[in-house]
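Engineer: Sequence and predicted structure, then a few things I'm wondering about:
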Amino acid sequence: MRLITNRMRSVATPIGVALGAALLIAIAARPVGAQPFTDLKTAVVDYSKAEREPHEACEALAKFKSKELAQITAVMKPADASAPAHCRVAGLLSPEVAFEVSLPSKWNGRFYMIGNGGHAGEALDDPGRVAQRNQALQVGFAFAQTNTGHDARKEPGASFVMSNPEKATDYAYRAVHLTAKTAKDITKQYYGAAVSRSYWNSCSNGGRQGLIEAQRFPADFDGIVAASPWVDQTGFTIGAMWNQRAISAAALTPAKLAMVGEKVMAKCDAIDGLKDGLIDDPRKCDFNPSRDVPACTAGADGQDCLTAAQADAIAKVYSGPMSNGKPFFPGFMPGSEAVMPGLFGGGSGSGWMNVIVAALPDGKPADFNLAEGTMRYLVHKPPQPDYDYKTFDFDHDIHMLDDWSNQADAKNPDLSKFKKRGGKLLITYGWADSILQPMMGVNYFQEAVAKNGPETTDFFRLFMAPGMAHCSGGIGPDRHDPMTAMINWVEGGKAPDSMVASRVVDNQVVRTRPLCVYPQVARYSGQGSIDDAANFKCVDSTLRALLPD
């Protein structure tokens, strides 16, 4: 969470708080807590073995041709402390899709690409993106990225469609596919050999992009890591408007949210048989804010109680939006409101602050800010920059979002083509995510199993992380290496049965736990430290009651 926290500390004004909170999603292009390639030494395949050298001079790539190419440069970058010598190719694909391909002087034969957060448009030289590029180059990968067709510094949020409606399609799916295709062609020309394996690793909107690649362009990647994926962008948008309407009717303070978090943990921590400050499956947490939190007396509103309106608002965030008397979309899970270190903006506080609940009365929390932009610029055609979400009717306006859903949502469970070509898909999600609803990941996995059959886990596995927030952070172990697990699976035939995750505080590992293949959960053996993953094993959740506490 350090990258996000440092970025947020510079936001001070009320407007800045709202926009800065939205920026959380924009910079969460991959799991910050996840650490790709850190398990290299124990990998089944030594993917750092980089022996192939360039087939031609870097500068020659400036003459690369393709029908979509509008601009290209190629510059040789010398080795430094952060990255080996590499050829950096940059350019534009029509109309305005900026892309970059970085090619190390010693290549391991593989291709690695990252995605984008929120409404994308990140600068390709953003420090967080540069760090990811350098990580890949250090172990010999050819690396690629794109801004998906717009510059968020000039066209913030989803406003990019105002200058060119085609940018909506580029953002939804076209830019990633076109960049991957172009980047692999450039890589082949430079080394005189085709890419042997292609990998995608990204989080949030980047997870959505990865899923769309598997669903629509199954030949692009052999292995896709989609962390906390934004599976259903339009469902999320409806959910964020629902939450904003509920929260606007109740003054929820940081102190009240912290109190609710304490009540949730007191009631549900031990439901998994172990009191360890984590809720391993919050669906089993029967928490009702009207029943389980002290109610304020009539006319009073103290920090140690909830008014009826406040309890109702919190219940609505947990339940998710209703339409025509029926549940429409998942809500957020008990435990996501917990006080967490590394809060967006610095310090500690409820996971809902700045994300679901605005820090200031006139502020816009990150989720709503993102949803409002989606409604105003991407759902409405032509865009309606002044659209007022208060006019949205949850019983009659749900299908207003259908057209954009067909473009941008990654909900299609049919992965038969991806499976047929041997692709592998790995999703991770934090149960305490307060930016995207974690049931998006669970529901998608279950729908994929129903569509693709009981052998789905032969190519698609889901890992749920107790206590982990969006992509990383939270109060649970969050640091892990899904990329080595993916490469072991694709190239070594070793499907990941679990991944060890660590919780790090002040640069010290204070707890490790196995992340288990869903629907399995980590179960304490009954002996040894509860902070050591070696004392846990993954078991089917239906069998937990049969095992010792």
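Structural biologist: Happy to help now that I have it.

Engineer: In the protein, what helix or strand scores lowest on average pLDDT?
Structural biologist: Using mean pLDDT, DSSP states H and E, helix 2-9 stands out as the lowest-scoring helix or strand of the chain, at a mean of 30.

Engineer: Excluding chain neighbours, give the residue nearest to residue 322 in space.
Structural biologist: residue 328 (6.2 Å; C-beta to C-beta, 6 or more residues apart in numbering). C-beta coordinates here come from the backbone N, C-alpha and C atoms, glycine included.

Engineer: gap between the one you found and residue 107?
Structural biologist: As for residue 328, its distance to residue 107 is 48 Å (criterion: C-beta to C-beta, to the nearest Å).

Engineer: Residue 40 too?
Structural biologist: 16 Å.

Engineer: before we move on, what about residue 171?
Structural biologist: Separation of residue 171 from residue 107 (C-beta to C-beta) stands at 30 Å.

Engineer: Also residue 138?
Structural biologist: 13 Å.

Engineer: More neighbours: those two, which one.
Structural biologist: Between residue 138 and residue 107, counting by other C-beta atoms under 10 Å, residue 107 is the more crowded of the two (24 against 15).

Engineer: and residue 35, what does it touch?
Structural biologist: Neighbour list for residue 35: 479, 480, 481 [criterion: C-beta atoms under 8 Å, 6 or more residues apart in numbering].

Engineer: And residue 147, by the same measure?
Structural biologist: 97, 98, 99, 116, 120, 121, 122, 123, 124, 175.

Engineer: Just to check, the last one is in contact with residue 95?
Structural biologist: Which is residue 175. No - Residue 175 lies out of contact with residue 95 (C-beta atoms under 8 Å); the separation is 10.3 Å.

Engineer: what is in contact with these two at once?
Structural biologist: Residues touching both residue 175 and residue 95 (C-beta under 8 Å, 6+ apart) are residue 149.

Engineer: Show me which of these two is the more surrounded one.
Structural biologist: residue 175 (25 against 14).

Engineer: Just give the nearest non-adjacent residue to the more buried one, would you?
Structural biologist: Spatial nearest neighbour of residue 175, chain neighbours left out: residue 148 (4.1 Å); criterion: C-beta to C-beta, 6+ apart.

Engineer: ok, that neighbour - how many residues close by?
Structural biologist: 29.

Engineer: hang on, it in a helix?
Structural biologist: No - going by DSSP: H, G, I helix; E, B strand; the rest coil, the assignment for residue 148 is coil, not a helix.

Engineer: For it, give me phi and psi.
Structural biologist: phi 70, psi 10 (degrees, to the nearest 10).

Engineer: now swap in residue 199 and tell me
Structural biologist: The phi/psi pair for residue 199 (degrees, to the nearest 10) is phi -130, psi 140.

Engineer: Now do residue 173, the pLDDT please.
Structural biologist: pLDDT for residue 173: 98.

Engineer: where in this protein is pLDDT low?
Structural biologist: Residues of the chain meeting the criterion pLDDT under 70: 1-34, 342-347, 542-549.

Engineer: quick one on the thing from earlier: of all the contacts of residue 147, which comes closest to residue 273?
Structural biologist: residue 116 (40.3 Å; C-beta to C-beta).

Engineer: Helix, strand, or coil at the closest one?
Structural biologist: coil.

Engineer: can I get the CA coordinates of the helix or strand containing residue 313 in CSV?
Structural biologist: In this assignment (DSSP states H and E), residue 313 forms part of helix 308-319. Extracted in CSV, the C-alpha atoms of helix 308-319 (Å, rounded to 0.1, in the frame of the first residue of the first chain):
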residue,chain,number,x,y,z
ALA,A,308,-31.7,4.2,12.7
ALA,A,309,-30.7,6.0,9.5
GLN,A,310,-27.0,5.1,10.0
ALA,A,311,-27.7,1.4,10.7
ASP,A,312,-30.0,1.3,7.7
ALA,A,313,-27.3,2.9,5.5
ILE,A,314,-24.6,0.4,6.6
ALA,A,315,-27.0,-2.5,6.1
LYS,A,316,-27.6,-1.3,2.5
VAL,A,317,-23.9,-1.3,1.8
TYR,A,318,-23.7,-4.9,3.0
SER,A,319,-26.7,-6.0,1.1
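
Engineer: So which elements touch that helix?
Structural biologist: helix 233-248, helix 289-292 (3 or more C-beta pairs under 8 Å, 6 or more residues apart in numbering; DSSP states H and E).

Engineer: Can you list the buried residues in the longest one?
Structural biologist: Residues of helix 233-248 classed as buried under the neighbour-count rule (16 or more other C-beta atoms under 10 Å) are 233-247.

Engineer: so how far is it off the chain centroid?
Structural biologist: Relative to its parent chain, helix 233-248 has a centroid offset of 18 Å by C-alpha atoms, centre = their mean, to the nearest Å.

Engineer: swap in stretch 35-42?
Structural biologist: Computed by C-alpha atoms, centre = their mean, the chain-centroid distance of stretch 35-42 equals 20 Å.

Engineer: Pull up the distance across it, start to finish.
Structural biologist: Using C-alpha to C-alpha, to the nearest Å, the end-to-end distance of stretch 35-42 comes to 14 Å.

Engineer: Off-centre distance for the helix holding residue 313?
Structural biologist: With C-alpha atoms, centre = their mean, you get 26 Å for helix 308-319.

Engineer: What is the subsequent helix or strand relative to it?
Structural biologist: strand 322-323.

Engineer: contacts for whichever helix or strand comes after that following strand?
Structural biologist: Per DSSP H and E, the first helix or strand lying C-terminal to strand 322-323 is strand 326-327. For strand 326-327, contacts defined as C-beta under 8 Å, 6+ apart pick out 319, 320, 321.

Engineer: Name every strand pairing with the helix or strand that comes right after strand 326-327 and say which way it goes.
Structural biologist: Downstream of strand 326-327, the next assigned helix or strand under DSSP H and E is strand 339-340. Its sheet considered, strand 339-340 pairs with strand 349-350 (antiparallel) by DSSP bridges.

Engineer: just checking, next helix/strand downstream of the partner strand?
Structural biologist: helix 366-373.

Engineer: chain center to the very next helix or strand once past that next one, what's the gap?
Structural biologist: Sequence order places helix 402-408 as the next helix or strand after helix 366-373, per DSSP H and E. In terms of C-alpha atoms, centre = their mean, the centre of helix 402-408 is found 20 Å from the chain centre.
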